[in-house]
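**Student:** Quick one, fold the following:
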Amino acid sequence: MSSSIREKSELIEKNILSPYACLSCESKGRAVFEEPDNIRTCFQRDRDRIIHSQSFRRLKHKTQVFLAPSGDHYRTRLTHTLEVSQIARTIARALGLNEDLTEAIALAHDLGHTPFGHAGERALNDMNPNGFKHYEQSVRVVDKLEKNGRGLNLCDEVRNGILCHTGGEEAYTLEGQIIRIADKIAYINHDIDDAERAGVLSEEDIPLELRLKLGMKKSERINNMVLDVINNSDKKIRMSEDCYQYFTELHSFMFTAVYRNPVCKSEEVKVVSMIKKLYEYYYNNYTELPPQYIKIAQEEGKETAVCDYIAGMSDNYSVKVFNKLFIPSSWIE
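**Tutor:** Here you go, the predicted model:
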């Protein structure tokens, strides 16, 4: 019997990928067993499930840094995700690692992010006695919330990469480790680009030493950081000590110049207040949640159900729900 397309792909992986790569044929598998696909490897299958998920589509209407920007060219959570995926795949290919696994993790890493970015995340973290972390929520989305509670049943390597993409424990695959560093490379550079577009800063405002070391413009910085990661990674994905130090200094500069800039964050107080009011309302009136979340409230607690529901909202939908609940209808344009 001739080999399937999937089996041929798995053989190609064995022949061309690095000894340190995670081979799809050696995956730890899924929580619920599924027969292998004839065409796609398990990681290709996961990537496709993520792209076709509702939570992935909602990312286009979720804030990255600038809250509800009026221009079409500011990043959203979706465009951020695509930039992370592009950078991560470049690194994976150069190191001979599994691009399909890398891409699947990258595309899913922020599925659990709240409306209005980290402002929404902080609000839910303040309200929920159990806390709220977007990376944990991203795993919950693919495990529990997608497909009306059935989840996507992703491979363990993808789930681990999502969970470990920021802070805490490091991913056990090199592909997962790539996402953590690609996420940093993507957001620091596109946030500079968006800040320039908003008139908050210019390239010349960035300390000259950092521009000389990392690059004089966005494309140079991304290229130099990616090259540094490629040249300094083997059994572990990492930047050189010098590059990481310059990145850390650039990040500190961005906190002062952009992330805590009153122009960028002028609406955050309103966002936090809105998310907290939504939480309080649904906590006290959980039977008004959609049926899927009422069931979660009964099985796992109201705190979990309310966080699940609000975190899944887009920016626009959360405002729409808030207006419906708290603003007299005759006042809504």
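**Student:** so after the helix or strand bottoming out on mean pLDDT in the chain, what's the next helix or strand?
**Tutor:** Of the helices and strands making up the chain, the lowest-confidence element is helix 262-265, at a mean of 72, by mean pLDDT, DSSP states H and E. In the C-terminal direction, the helix or strand that comes right after helix 262-265 (DSSP states H and E) is helix 268-284.
**Student:** The next helix or strand after that following helix packs against which elements?
**Tutor:** Once the chain leaves helix 268-284, the next helix or strand it forms, by DSSP H and E, is helix 291-300. Contact partners of helix 291-300 among helices and strands, from 3 or more C-beta pairs under 8 Å, 6 or more residues apart in numbering; DSSP states H and E: helix 146-149, helix 302-311. Every residue, glycine included, has its C-beta placed from N, CA and C.
**Student:** same thing but 10 Å
**Tutor:** Using 3 or more C-beta pairs under 10 Å, 6 or more residues apart in numbering; DSSP states H and E as the contact criterion, the neighbours of helix 291-300 among helices and strands are helix 146-149, helix 268-284, helix 302-311.
**Student:** Tell me the buried residues in it?
**Tutor:** Of the residues in helix 291-300, those buried by neighbour count under the rule 16 or more other C-beta atoms under 10 Å are 293-294, 296-297.
**Student:** Which one of the helices and strands packed on helix 291-300 lies nearest to Ala21?
**Tutor:** Across those, the minimum distance to Ala21, taken as C-beta to C-beta, is reached by helix 146-149, at 27.5 Å.
**Student:** Distance from the chain centre to that closest one, please.
**Tutor:** Helix 146-149 sits 19 Å away from the centroid of its parent chain (C-alpha atoms, centre = their mean, to the nearest Å).
**Student:** and what of stretch 56-69?
**Tutor:** Between the mean C-alpha position of stretch 56-69 and that of its chain there is a distance of 11 Å (C-alpha atoms, centre = their mean).
**Student:** Poorly predicted segments of this protein, please.
**Tutor:** For the chain, residues meeting the criterion pLDDT under 70 lie at 1-2, 66-71, 264, 330-333.
**Student:** centroid residue for it?
**Tutor:** Residue closest to the average C-alpha location in the chain (C-alpha atoms, centre = their mean): Asp110, at 2.1 Å.
**Student:** measure that one to Glu103 for me?
**Tutor:** Look at Asp110 and Glu103: by C-beta to C-beta, to the nearest Å, they are 14 Å apart.
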